[in-house]
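Engineer: just the structure for this:
(one chain, ligands or ions: 2)
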Amino acid sequence: MILIIKHCPTCDRSSDKVRFIGEFCEVCTAEKLSKRTPGKAKIIHCRRCGRVKGPAGYQNSSNELLETVLAKEICNSKCKVRIEKISEDSALLKITAPAGDDSVTFEKGIELKMEHQICQDCYRKSSGYYEAMVQLRGDKERVAKMEQKIIKFVTMRNGFISKTEEIDNGLDIYISDRLMTKNFFYLNRLVPKASFTLYGVKDGKKVYRHTYYLNLDE
Ligand SMILES: [Zn+2]
Ligand SMILES: [Zn+2]
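Structural biologist: Ligands and ions are numbered 1, 2, ... in the order given. Presented below is the predicted three-dimensional model:
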């Protein structure tokens, strides 16, 4: 068997010393790909809650999430990115990119641009968004206890209370999520009186705001 030793047209390295990808050595291939890789990337995060915008919406920041976001930014998810170092305005990445039938890995320092937006949850919170209103009526202490129970239930599930209004014989609680509210009653074996009003149309579907009336003295 005859071994044909290739020489890289760019740097003259030989194929018995380094791996070749096609006509060029892997060092030159990596250099070429590195030059083609954008030196800047954008990361969007919410200025209120600090979460990062990823492929599945806003999520708590993690290296894994940032690596996914950066891979999308710099190579349209066709390469693998590992973060070696990261700061507010720059990152050192280890990038593995396809080359021929193979792949090469190289390091690259990039500039980061942090874009601050407001995520939908934070926007809704600040604009008083709600899908359900719970009217608690009756003994003050019972109402207060039930209020605490509801708040705990909703916040544990990433929902939020838009506002609470004290009225003569009770409390009105405005809650971000209708299904969550419904589940609260169901899981606590409570049967409130339910009614709903048409609120608007979203994505071609009618959106209702639900009102639940619960008399704790009964
Ligand atoms: Zn070379
Ligand atoms: Zn937010």
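
Engineer: who in this structure is up against ligand 1?
Structural biologist: Residues of the chain lying close to ligand 1 (C-beta under 5 Å from the ion) are 8, 10-11, 13, 25, 28. In short, each C-beta sits where N, CA and C put it, glycine included.

Engineer: now, which of those lie close to ligand 2?
Structural biologist: Filtered for proximity to ligand 2 (C-beta under 5 Å from the ion), the residues of the chain next to ligand 1 leave an empty set.

Engineer: ok, so of these, who is nearest ligand 2?
Structural biologist: For those, the minimum distance to ligand 2 (C-beta to the ion) is 45.0 Å, reached by residue 28.

Engineer: three-state assignment of the closest residue to the closest one other than its chain neighbours?
Structural biologist: Leaving aside its sequence neighbours, residue 28 sits nearest to residue 10 (C-beta to C-beta, 6 or more residues apart in numbering; 4.5 Å). Here residue 10 is recorded as coil under DSSP: H, G, I helix; E, B strand; the rest coil.

Engineer: offset the numbering so it begins at 892, please.
Structural biologist: Sure, I'll start numbering at 892, so the last one becomes residue 901.

Engineer: burial count for residue 901?
Structural biologist: 14 (other C-beta atoms under 10 Å).

Engineer: with residue 1019 instead?
Structural biologist: Residue 1019 has 9 nearby residues by other C-beta under 10 Å.
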